[in-house]
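A.B. asks: Here is the input, now give the coordinates:
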Amino acid sequence: MPVQLTSPNLVYRPSLSLRRTSAVRLSRLGARASLCSLLGPAHCCASFLTAFILALSLLLAGSVGWGGQRDKDLFLSAKKEYDLLKKSAVAGRNSRRWETLAGRFQKFAREFPRSPDTDDALFYAGKSYQELYRLNQKDSTLDLAIKNWQALVSRYSKSPLAPEARYWLGLSFEEGKGEATEARAHYQTLVEKYPRAEWAAKAQKRLDAMRRVEEEKKEQSRLSSAQPGGRALLTQIRHTSSQTYTRITMDLSTEIRFETHVLKAEPSKELPPRIYVDLVGARLGMDGSQPIMVQDRLLRQVRVGQFSPDVVRVVLDMSSLAGHQAFLLPDPYRLVIDIQGSKDRDKLAALEKERELSSSRKGVKPISSGLRKIVLDPGHGGKDPGAIGINGVAEKDVVLAVAKKLAKKLKAEMGIDVVLTRRDDTFIPLEDRTAIANAEDADLFISLHVNASPNGKARGIETYYLDNTNDEASVRLAARENGTSRKGISDLQFILSDLTQNSKLEDSITFAHRLQSSVVSHMGHRYGDIRDLGVKKALFYVLVGARMPSVLVEMFFITNKTEGRSLTRQAYQDALVEALLAGIKKYQESAQVVKNL
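C.D. replies: Numbering: from 1, shown residues only. This next block holds a predicted model:
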């Protein structure tokens, strides 16, 4: 007769040898019982009970051993499926398989709460839901990942996986749910409870980054609250200019409403044409006693003053009327005014002749396709380290090294003049980087970055151009690179349709595809399997207002162990530079074909 265990669906059937041994012992018990009836219970009671207990122990011992092996087999089977999905590029994108696997780990944790693998099961249930969330972007899926990790850290705090689970909890609340307080609590607990754990160092870096952001927000709030009625404060006006382009940037303490107006020249009053901007509900927080001299071909000077108790007026004294566009960027708030001069044929011809003469003086043969100047933008810098990867390597250092090498290659092999938005560890605001490209009248603008993900297995390369998108992953990435929130990205969508980038949208898409295919092909040929994440669109501030084909390249994942370590190696950087160079050459060739049609 089978023995029924604790679970109604689980039946234990002892092995043949164990059944025989038990049967013999039980038959002997029957014989002893007959003997006891002759000798009397007092004489045989102790002997009978001892034998009965021994026989029962054999049955129970077999039951426990068999159950322990079964739970181990179930866990190892699920773990094998997890490893398979993580390694397979195709299977790893199957949402249903991840959901089923997460259910298997959860069921194991429920049915075998005392198994030595239960903490592992809770951890991998969370990781499986994390992978599913990466695919479906549903908040309910992220909640399930959080639920399993919380169960692990609360019930099995001494588990070797508890520190890592704490880290993923913090990151899920910080980036997935936008709950900074909850994220900070998990990071802090990890640092204090497991100070020597590898994940504690990573948690401390997240805490430091969150602290910097919080300090900047407090400073903005302080400046705003210091004014009567909590009005916005205009703290600084910056400008970047050339003969055909000027960008004015106004630093503000908080969001503001603004109005722009144009006034024609008044020769009788000796007044030039003007563009003036009224900042409604603002106070002047800078010295406005002296004008800011610009003196380029478009803009003479900038004047600023407190026009009324609630309005700050900024006046741009123009050399001649030109087209202009204004837009507000958040985190921190700044109002950007782009002034674009007219590019008639004579001016263009003069510029072309000047370029050719400059190239001939340097002994460089001009490029017939028109690619004469490229602006390379190494992302981040200074106080902004960008993503932090394996062994603490910072994104800002990797991209600067690649940009410098690519600049040398472009000049040596293609005769192209290259301008870097930064040449050292300096912080450059995002809007100033675009302004540099416009002021240089560049033919191409390339912003170089490396990717990062909470999923340490994420890998591959992707290239972006500027456009509206509803893709959640692209929105999250743009928010991270912009140093802003999802709301900031949403606000930008309303103004993007009015920006000059639209006139170069098709060229930017073509350029993005040339770079992406080239890097995938060249790096794949040299280093094996390279994951092609494709060409995508997103709202990156650094591309807003660019007057030339412009792209942002995410050159592999610094948070992936293999790619992160490779990105620090000279040989790998050299290969990446060759791949980018080949992509630029491909774009040059395609542009020449279109020009000759």
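
A.B. asks: Can you pull out the low-pLDDT segments for the stretch 151-300 of the chain?
C.D. replies: For the stretch 151-300 of the chain, applying pLDDT under 70 flags the ranges 217-230.

A.B. asks: To clarify, my last question referred to the stretch 1-150 of the chain.
C.D. replies: 1-68, 89, 91-92.

A.B. asks: Not counting sequence-adjacent ones, nearest residue to the most centrally placed residue in the chain?
C.D. replies: What sits nearest the mean C-alpha location of the chain, by Cα atoms, centre = their mean, is residue 477, with 4.2 Å. Leaving aside its chain neighbours, residue 477 sits nearest to residue 538 (6.3 Å; criterion: Cβ to Cβ, 6 or more residues apart in numbering). All C-beta spots, glycine's among them, are computed from the backbone N, C-alpha and C.

A.B. asks: what's the answer for residue 214, then?
C.D. replies: Nearest to residue 214 is residue 180, by Cβ to Cβ, 6+ apart, at 7.9 Å.

A.B. asks: Against residue 118, how distant is residue 380?
C.D. replies: Distance of residue 380 to residue 118, computed by Cβ to Cβ, to the nearest Å: 42 Å.

A.B. asks: ugh, wrong one, I meant residue 339
C.D. replies: Counting by Cβ to Cβ, the gap from residue 339 to residue 118 is 65 Å.

A.B. asks: Residue 335 too?
C.D. replies: Residue 335 is 56 Å from residue 118, by Cβ to Cβ.

A.B. asks: One more: residue 574?
C.D. replies: Distance, residue 574 to residue 118, using Cβ to Cβ: 48 Å.

A.B. asks: of those two, who's got more company?
C.D. replies: The residue with more neighbours, out of residue 574 and residue 118, is residue 118; 23 against 13, by other Cβ atoms under 10 Å.

A.B. asks: what sits against the more buried one?
C.D. replies: The contact partners of residue 118, by Cβ atoms under 8 Å, 6 or more residues apart in numbering, come to 108, 109, 112, 156.

A.B. asks: Quick check: of those, which lies closest to residue 203?
C.D. replies: Relative to residue 203, the closest of these is residue 156; by Cβ to Cβ it sits at 18.8 Å.

A.B. asks: do you know how far the closest one is from residue 340?
C.D. replies: In terms of Cβ to Cβ, residue 156 sits 62 Å off from residue 340.

A.B. asks: what are the phi and psi values for residue 442?
C.D. replies: phi -70, psi 160 (degrees, to the nearest 10).

A.B. asks: Cross-check the contact I'm expecting between it and residue 549.
C.D. replies: No: counting by Cβ atoms under 8 Å, residue 442 stays clear of residue 549, with 9.6 Å between them.

A.B. asks: quick one: the strands in the stretch 401-550 of the chain?
C.D. replies: Along the stretch 401-550 of the chain, counting by DSSP state E, counting those that start in this stretch, strands occupy 417-420, 444-451, 461-466, 532-538, 550-557.

A.B. asks: in the sheet, who's paired with the closest residue to residue 257 other than its chain neighbours?
C.D. replies: Once flanking residues are discounted, residue 257 sits nearest to residue 280: 4.5 Å by Cβ to Cβ, 6+ apart. Residue 280 has these beta-bridge partners by DSSP bridges: residue 257, residue 311.

A.B. asks: Name the residues of the host helix or strand of residue 121 that are buried.
C.D. replies: Per DSSP states H and E, residue 121 falls inside helix 118-136. Of all the residues in helix 118-136, those buried under the rule 16 or more other Cβ atoms under 10 Å are 118-134.
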